[in-house]
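> how would this look folded up:
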Amino acid sequence: MSKTASANDENHDNKNVSMPHYLMWFRRDLRLHDNTALAALCERANADKAQISAMFFLTPEQWQAHDMSLTQLDHIARTLPILATSLHKQLNITLNVQVCPSFSDCVEALSTLCEANNISCVMANHEYEGNEIERDEKLTKQLAKNDIEFIRWHDQCILPPQSITTNDGDSMYKVFTPFYKKWRHTLDVSTIQMHEAAAINNNNNAKLKTSKASATTIQDIEKLSENVVSDYQKTLQDGCLEGIDSLKHIDMDAQLDYVREAYPAGENAACQRLEEFIADDINNYDISRDVPSLHATSHLSAYLTIGSISPRLCYLQATKALEELHSDDGNALKNSDNNDINRWISELAWRDFYRHVLVDKPTLIRHKAYKEETDSKIHWSYNDDDFKAWCTGKTGVPLVDVAMRCLNATGFMHNRLRMVTAMFLTKDLLIDWRLGERYFMQQLIDGDFASNNGGWQWSASTGTDAAPYFRIMNPFSQAKTHDTDGEFIKTWLPELKDVPASILHSEDKMRKELAKGGKFANINYPIPIVEHKAARQLAIAEFKR
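Coordinates of the predicted model:
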């Protein structure tokens, strides 16, 4: 080799060594489109002529501690190979996937990773739960020792926490309606910025040296992810976790089969679902959303939870649909003129609201009620038989049982039914809302702490803007209103297929016809375990006490 060639090689190597190296840390933001941190990092890397590597940590032990459902973990696992493919093809970035059992392991792994690869900047999107915040604060301090930047961006909400405050500018709204009005006004008078990542020009040779084995090829990512799902399922089935006995009635294989067909993974699948919902269902949403037998809701929550789709995109597509509703003379309809689209937009606002509440009152993550004084005065029940009857869909109350059996089979529950079942558990049975909150997280493919906690505390009358304690849903009248013909009930409770809806929707008739000597006494279905009217009076008395 000539001296000239040798010198050129040395110069080339020095150039590579001196080239800045940045890291994108994916968490609950498994997409390319409108990913705030990813777009910002790509912009900076191209300006600095830097390389980018990307990392995702599978943290099974931490997720078990947080009661992540098997269906949600499986959804993440199915999404990762798709994300890796898109990253490589569209942005010239390689995704590295590594198993780190806990968040503390992630801090150690990232610190080591940055040192070994001369990484000078890490970017990620904010997560708002307690353990996640602690992890990020520890990492910030650890990286700062080596002058490594750790920059986080707000990305989970349409408007970030603490951006919508009361008129005095100092406090978070405690009631949704004024929050929503200000939230909507803020969006009406401002422009939402979408964040598009650009391909990285200097990334052809970007590789991460890792102390632990990490998957980078699509095949390896698929295999690693599948193994984590399999081990997670085995842990759940073997009952190795505290309180896991309540899950032994779940056919986890059947549940996984269902969600894999019902929720195809990836950003494109999420965007397609949004487009179809806007085109086919959003204009009937206000009424149809409360009928569980109809597939009239967007079913986007599972994708929003893991970040396969941007909440800002959902909002913009909905407002675009509003703008396209023009009268014949060309005058745009006012926002208030379409209850259906506005109702769906308000659901997006509820999602923001509960995240804002969590940031404002972080003790919620520690099993504390928003209204601690109310919660502490209630003599909550911990009756194991009643709770198991609720979990397994054997309470003798058709709408409650159908909702729970649907959840156990599909990993999903219709929102109206979430309210009915939660209120039945906390008011009719007076069982501590924390037990129900945990069970939902263990099963829901769209399990999300802020929204799940907010919903449960709403039903238990211990949360912000919660249902007044004296407004207690009657599960029989709810069934009559929202499942008039009993179609949904009979789909999931085939043992009741021959029972007329008029009986299913009446507690007195159910008790009479299922009892000995009754017309349907031979049906293998329990008599209601509690009498609603009496339970309602007891609950009201307990909350008044």
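> going forward, measure contacts between C-alpha atoms and count neighbours the same way
Will do.
> under the pLDDT cut-off, which ranges of the stretch 201-350 of the chain? List them.
240-246, 326-337 (pLDDT under 70).
> in a helix, residue 521, correct?
No - counting by DSSP: H, G, I helix; E, B strand; the rest coil, residue 521 falls outside a helix, being coil.
> and the nearest residue to it once chain neighbours are set aside, how far from residue 111?
Beyond its immediate neighbours in the sequence, the residue positioned closest to residue 521 (C-alpha to C-alpha, 6 or more residues apart in numbering) is residue 514, lying 4.3 Å away. According to C-alpha to C-alpha, to the nearest Å, residue 514 and residue 111 sit 64 Å apart.
> give me the low-pLDDT residue ranges for this structure?
Within the chain, the segments meeting pLDDT under 70 span 1-17, 240-246, 326-337.
> how about the secondary structure of the closest residue to residue 526 other than its chain neighbours?
In space, and not counting its chain neighbours, residue 526 is closest to residue 396: 4.7 Å by C-alpha to C-alpha, 6+ apart. What three-state DSSP gives for residue 396 is coil.
> how far off centre is the single longest helix found in the chain?
Using DSSP state H to define each element, the chain has its longest helix at helix 339-360. Taking C-alpha atoms, centre = their mean, to the nearest Å, one finds the center of helix 339-360 at 13 Å from the center of the full chain.
> elements contacting the helix or strand following it?
Per DSSP states H and E, the first helix or strand lying C-terminal to helix 339-360 is helix 372-377. Helix 372-377 sits against no helix or strand, with contacts defined as 3 or more C-alpha pairs under 8 Å, 6 or more residues apart in numbering; DSSP states H and E.
> how many residues are close by the residue nearest to residue 521?
Applying other C-alpha atoms under 10 Å, we find 20 other residues in the vicinity of residue 514.
> wait, it sits on residue 523?
Yes - proximity of residue 514 to residue 523 meets the contact threshold set by C-alpha atoms under 8 Å, at 7.3 Å.
> and stretch 384-397, what's buried?
Across stretch 384-397, burial judged by 16 or more other C-alpha atoms under 10 Å covers 386-397.
> hey, where'd the strands end up in the chain?
Ranges of strands within the chain are 21-26, 51-58, 95-99, 119-125, 149-153, based on DSSP state E.
> can I get the last one in PDB? Just the C-alpha atoms.
Backbone C-alpha positions of strand 149-153 (Å, rounded to 0.1, in the frame of the first residue of the first chain) are rendered in PDB as follows:
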ATOM      1  CA  GLU A 149     -27.100  16.000  26.700                       C
ATOM      2  CA  PHE A 150     -30.400  14.300  27.400                       C
ATOM      3  CA  ILE A 151     -33.200  16.300  25.800                       C
ATOM      4  CA  ARG A 152     -36.900  15.400  26.100                       C
ATOM      5  CA  TRP A 153     -39.900  16.700  24.200                       C
END
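> residue 172 and residue 522, how far apart?
Distance from residue 172 to residue 522, by C-alpha to C-alpha: 55 Å.
> check the gap between the residue nearest to residue 526 and residue 539 for me.
19 Å.
> same question, residue 252
Taking C-alpha to C-alpha, one finds residue 252 at 35 Å from residue 539.
> what of residue 472?
Taking C-alpha to C-alpha as the measure, residue 472 falls 9 Å from residue 539.
> same thing with residue 193?
For residue 193 relative to residue 539 (C-alpha to C-alpha), the value is 47 Å.
> more neighbours: which of the two?
Of the pair residue 193 and residue 539, residue 539 is the one with more neighbours under other C-alpha under 10 Å, namely 21 against 9.
> who touches stretch 270-286?
296-300, 303, 308-309, 314, 317-318, 321, 339-341, 343-344 (C-alpha atoms under 8 Å, 6 or more residues apart in numbering).
> list the buried residues in that stretch.
Neighbour-count burial for stretch 270-286 flags 270-271, 273-275, 277-278, 281-283, 285-286 (criterion: 16+ other C-alpha under 10 Å).
> wait, what's in contact with the closest residue to residue 535 other than its chain neighbours?
Leaving aside its chain neighbours, residue 535 sits nearest to residue 428 (4.9 Å; criterion: C-alpha to C-alpha, 6+ apart). For residue 428, the contact set (C-alpha under 8 Å, 6+ apart) comprises 530, 532, 535-536, 539.
> would you list these in TSV and tack on distance to residue 150?
What follows is those, written out as TSV (distance: C-alpha to C-alpha, whole Å):
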residue	distance to residue 150
530	54
532	54
535	53
536	52
539	49
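> lovely, talk soon.
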